[in-house]
Structures are given as structure tokens and as C-alpha cells.
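> Sequence unavailable; structure follows:
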């Protein structure tokens, strides 16, 4: 037997000499620095503007890897246990343990069970060879190549580097790769905190990563005895059972503060992307949303979203996409989801009217029952409160969010013009013509996102200048900055939205919108109370809040001022804590102030802002003629001609909603059709027509497009 052993040693010495002069292995052998640089965790991290972790997102689902751990941050007990288990003479050999190899070969010759002769260096060589890992079981020549690679590794790498790389690359159990994923996944701690029992269990897994807990415990106990720590064996099987059953525990301690934005921004394993978010603001916004939704748990409301933007830079400071565990659909991002805007579009409607000198904040509009003919029947808007207030100023109409005055304003402006104006504010989801939305566009029937809404209000805060928001400093802006509304018109809108007296008739003088610092805000509630909004701005920040249900289910008696506004106010107060103040903006060029009074005195005398050239001192209620429009045919009407009825009996009566002014004229398809102050019967002809109401100077006051179709003859 002694002679056989000597012969085996001689054979291995010959093999060793052959390997020492053999060609380089078939794969490129990287350096330690290259190996560490190429290592990528399976996760990606979203950081806030100060590099504080906000969220972690799993990108690579083939294996679970956490960040690389330096050897000095790995518990000495684990290092010792791994060397005892895998390579006792690690610090003595040069890559191949010939003594262990000889013992293994001799044992195989006599069918005896022995430990493998593969050293840590040889195992590391195999881990570095990606192609060999994909092939699985190695042939004899591949094992010889791996041995040659191990010898070269020992020549180029330090022992500490080999051990560090091995511990970071080795598979431990299931999808867990590397010491960090193993330690966090199995024991809920980082590698520097592993004790002797945990270290022994981890080392035992290297030989059989998917072995049953009792087998792992027995092997670990053998290691503990070699480490002179056999007292740890008593509870080892219980520890193994509990730890190995928790492989799916959360392996990373990064808070899950911004999961929705993380999914939008992270796309590469190991990525650490810096965002514009502020961790403190993000945390406060999420807590405020969940707390106020908890107070509404009896009102069938479970979800919400919050976005905070810095007015000057466009940096998004908070991005709360949902209420998290309170929601039945927490994956839905409420910031980018499209929902009906409600009354939040009214400021842009009036701003457009101000800019075109069609209205001033002091202009009077009658808030009274209204029915408008459309191609689909009558449209009858109603106020949120079931009453009407008669003649009101635009300031009171916008501040009190009255519906009928808004619809009447849209009638004068035109749905197409208003839709185009909204697109200038960044509402790209409005892809249809204005007449497709109809008169309800004034009341927010269009679907918009919370992000677009927030940036549109930020545009008002910035004097009507729109610019894209950004969530990362390195992002390419989407959209070119432009003037969406004149600074003067934007100032008038902001001044009304900041006026607690203007909103007092609907919301009272003291409401969630009445801040002790200057701010402008608007609420909105969509049809059937499916969505409610509160969005507003101070001199520095814009905050937008949506509250509702991701499923689209209606809430129970929850309006913008009771649902979203409390969250908006809490965030605004937090942003303006300490010495930060928000003072009223100064009037821009082209805006003047004038003392006004009303006749009759429907509103108290006050100081009012006007665009230069539109100022007045005495405000009289408008006559009905001032609001006259085309009543029939309505926009989009389809008229069918019956061949069985004589043409003379199919004439259409063109009509107005109020008496025409002096000199007003009809025009049809750019041709004069006669005076508008007299009854006018028109003989229709098939085709599409455009009917215009013009004043005495020929200026267009109103216009509609309608179709006339000829029916086929009857049999």
C-alpha cells in the first residue's frame, strides 16, 4: 500500500510539472480588480438628491446578489469555517493541494469516501469561467484546464483576494450568490455579524447548497467540533431549519419609499441612480397620504398619489404613486395614470379668456340654469352645490368653482381653442379636437395625469412659462420650454386662486386651502366622485394630490376639499416650516390695479387687478345680448333631409340664445347670410357647413360646424 501511495505522489508531481509549463487556460483570466469591477448585484438602487437610498429594485432574476463585501467586513468565524470545510491547507499550497488530491485519488481507487481535492483557488477558477459554468459538469481535460488556471491565479492574486472573491461569487443556497445575499437572506444580518453556528451552517452549504436542513446541520456540527465549538451543535438543527426556511426574506434594508419611480428609472443590475427626490419630503408625503386615507376608510376610498415640484428648477421632490398596502392595486402609479380632471382645468380656461381680453376678473357672468343643444342632445351643467347665485364676477366664479359660468366662458372661447391652450400647458393626453370633448371640457371631462396637472400649475406659478419637470439630473428634458400664457394673465389667475374671500361662498373663509403664507390652490371632483384633486403652489413649491380608487370605484361623499386638500395642506405647511416664507408676487408689466364697484351691488366694492386696457371702475351686469351665442344648429349637429318632404318645408330656423346686437350678421361657409337680429330660415344643402355669428365690424363672435345629409328615396 505504501508503494501505491508513493506511485500516486509521483504521478501528481509529473502532472504538476506539466501544468506548470502548459499553455494558458481556454478562458481569459481576469485580475482581481477586473473581477470586482465586473461584479454586478442583481438589484438596482434609486438614490435621493443627497445619495440617500430610496428604493431597491430587482433587475436580474437569475440569481440574488448583493453588493460586493470586502474581506475585512466578513466575520472571521465564517472565513475559518469555509477554509476548514473547503481548503484546510489554503495558505500553504500554490493553487493545488497535491496531498489532498493524492488522498482523494487513493480513496477513489479503493472506493472510499473522501473530501474533494478541489481547492478554493480551483473553485474560484471555475466560477470565473462563465462558459464552463453554463456547460455544467466538466470533462477530465476541462478539470486539468481549471487546475492550470488555479496555478496561474495563485501567481497573480494574493491569498486574501482569492478568498474574498470566492466568498462573493460562490453559490450558497437556491438563488443566493455570494456572502452578502446568503447572510442577509438566511440570517437577516450582514456578513460581519455572523456567529460561529451561522458560519458553520453557511460553510456546510457550499458543498450541498440545496441539502435538507438536518443534513446541513450535521455537516455544520462536524465543522464546529473542528473549531472547538461543539457546544453550538445543540440548537444547530433548529437554527438550520428556521434559517433555511427564510430564504425568501427581504435581503436588502433599503426603504421602499419610491417604488413607482424606481421602476421607471432603474433598468440595469447594480445601477445606483441619483434622482431629484428629497428623502425627507418623500417620507413625509407618503405618511401624510396614508394617514389621511386612514381617516376616510368608511368613505370607500383607499388610494391616492402625491407629487411635489420645485418651481424654479422643475425638480420633482416627492413622487408617491399609491397608498401602498392600503390599495388593492399598489402597482398602479397614480401620478401618471389618466383620470378625469374635474374643476382643476378652470383656471386655464379663465386665463385664456383674460389673455384674449374676453373677460376680466371683474366681469359679470350669470350663474343660472343652462341647457345647451349638442349633436347628442341637451347638455345641462349644474354646480357642485344644487343652487345658483345669479350674476357673479369671474373672481367669485373661479374662486367658488361654479360650473355654469365656466361652461358659458367655454362657449365664448370655443372648445377647440381651449383644448389647444391646454396642450400648451403640457396636457398631451388631450389628443382629440375640442369639439370631441364638447362643453364638458370646461368641467374637466378630459383625462389627465397628476404629473401633467402639477406642472401646469407650476407654469402658472412661473408666470405662464412652461418647462419640463425632471426626476434625474442627467435626464434629457421632454419638451421645450415655452410661454403657455402671458405673465399678466397668469398673475390674474394666481391672484384669484390665492384669494380666500373669492372662495368663501363655497369653501368658507377658513378651509384647508387658507394657508398663513401666500399660496394659490384649486380643488376638483370628477363625475360620480370617482376622483378628487387638490393642486396649488407657493412662490417656491407646487404640490398636487389625487385621492380616489385605482379601480375607478366611486367614493362616498368625498370632495377635493375633504379628500385631497388635507394632504396638500400638511405638505405645504411642512415645506414652509421654519424661516421659509412665501410672499405674494409683484404684479408684472401690463397689470394695473383699480378700485371698482358693482351696479347693482351684488358684490362689495374692492380693489381689482386688470390687464392694461381692460380696466373699469364701474361694473354693471351684462345684458343677455352680451352673452348671445348660436343656439341652433349646435356644434356637431347632424341634419337629415327627407326626400319625401318638400324642400321648402325643411328649412332650418337659425337661432341665438339671446337677442342679437346691433349690426350682427350671419355668415355661412364664408358667405353673407343676412342680419342676425331677424328670423332667418335657411334651405339646407347636403354637406358640412360652418355657421358664423359676427358683430357689426365683422369680428367672429361664435361659430359652429354641422352636417346635412340627404336620405335615399323610400320605396
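Yep, that arrived. Since we're looking at a predicted model, the values are computed, not measured. Numbering: from 1, shown residues only.
> buried residues in stretch 191-200?
Neighbour-count burial for stretch 191-200 flags 191, 194, 196, 197, 198, 199, 200 (criterion: 16 or more other CB atoms under 10 Å). C-betas here are computed from N, CA, C, even on glycine.
> ditto for stretch 657-673
657, 660, 661, 664, 665, 666, 667, 668.
> Also stretch 447-455?
So stretch 447-455, judged by 16+ other CB under 10 Å, has buried residues 447, 448, 449, 450, 451, 452, 453, 454, 455.
> How about residues contacting it?
305, 307, 309, 314, 334-341, 344-345, 425-430, 466, 468-469, 533, 535, 542-546 (CB atoms under 8 Å, 6 or more residues apart in numbering).
> for the lengthiest strand in the chain, what is the average pLDDT?
In the chain, taking DSSP state E as the definition, the longest strand is strand 700-710. The average pLDDT within strand 700-710 is 85.
> partners of that strand in the sheet?
With DSSP bridges as the test, strand 700-710 is paired with strand 638-641 (parallel), strand 687-694 (antiparallel).
> ok, back up a step: among the buried residues of stretch 191-200, which are in helices?
When DSSP state H defines the helices, the subset of the buried residues of stretch 191-200 inside them is 196, 197, 198, 199, 200.
> Looking at the residues you listed, spot the one nearest residue 84.
residue 200 (8.8 Å; CB to CB).
> from memory that closest one sits against residue 80, does it?
No. Counting by CB atoms under 8 Å, residue 200 does not reach residue 80; the two are 9.5 Å apart.
> Now list whatever residues contact both of the two.
residue 227.
> Let's test this: mean pLDDT of the helix or strand hosting residue 33, rounded?
Assessed by DSSP states H and E, residue 33 sits inside helix 32-38. Mean pLDDT, helix 32-38: 95.
> Sort out which residues of it are buried, please.
32, 35.
> centre of the chain versus it, how much separation?
35 Å (CA atoms, centre = their mean, to the nearest Å).
> Report the angle between the helix or strand where residue 416 lies and strand 700-710.
Using DSSP H and E, residue 416 sits within helix 415-424. Angle, helix 415-424 to strand 700-710, by axes from the mean of the first three to the mean of the last three CA atoms, to 10 degrees: 110 degrees.
> model confidence over helix 415-424, on average?
Here the average pLDDT along helix 415-424 is 95.
> ditto for stretch 653-667
87.
> ok so, going back, format the strands paired with strand 700-710 as JSON lines; extra columns: mean neighbour count and mean pLDDT.
Output for those, formatted as JSON lines (neighbours: other CB atoms under 10 Å; pLDDT from 0 to 100):
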{"stretch": "strand 638-641", "mean neighbour count": "13", "mean pLDDT": "82"}
{"stretch": "strand 687-694", "mean neighbour count": "16", "mean pLDDT": "92"}
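> Run through who's touching stretch 209-220.
85, 171-174, 197, 200-201, 203-205, 207-208, 236-237, 239-241, 244-245.
> Out of the residues you listed, which end up buried?
Buried among the contacts of stretch 209-220 by 16+ other CB under 10 Å: 85, 171-174, 197, 200-201, 203-205, 236-237, 239-240, 244.
> mind giving me the domain split of this protein?
Segmentation of the chain into domains, based on automatic domain parsing, reads 2-244, 316-618, 626-710.
> could you pull out the strands for the stretch 601-715 of the chain?
606-611, 618-620, 630-632, 638-641, 652-656, 665-668, 671-675, 680-682, 687-694, 700-710 (DSSP state E, counting those that start in this stretch).
> Next, count neighbours for residue 550.
The number of residues packed near residue 550 is 21, by other CB atoms under 10 Å.
> Tell me the spacing between the closest residue to it other than its chain neighbours and residue 346.
The spatially closest residue to residue 550, leaving aside those adjacent along the chain, is residue 329, at 3.8 Å (CB to CB, 6 or more residues apart in numbering). Applying CB to CB, to the nearest Å, the value for residue 329 to residue 346 is 29 Å.
> Looking at these two, which is more packed in?
Higher neighbour count among residue 329 and residue 346: residue 346, with 26 against 13, using other CB under 10 Å.
> How confident is the prediction for that one, by pLDDT?
97.
> Contact partners for it?
398, 401, 406, 442, 443, 444, 522.
> Can you list the buried residues in the longest strand of the chain?
701, 702, 703, 704, 706, 707, 708.
> could you dump the residues you listed to a markdown table with distance to residue 220?
Listed next are these as a markdown table, based on distance: CB to CB, whole Å:
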| residue | distance to residue 220 |
| --- | --- |
| 701 | 90 |
| 702 | 87 |
| 703 | 85 |
| 704 | 85 |
| 706 | 85 |
| 707 | 84 |
| 708 | 90 |
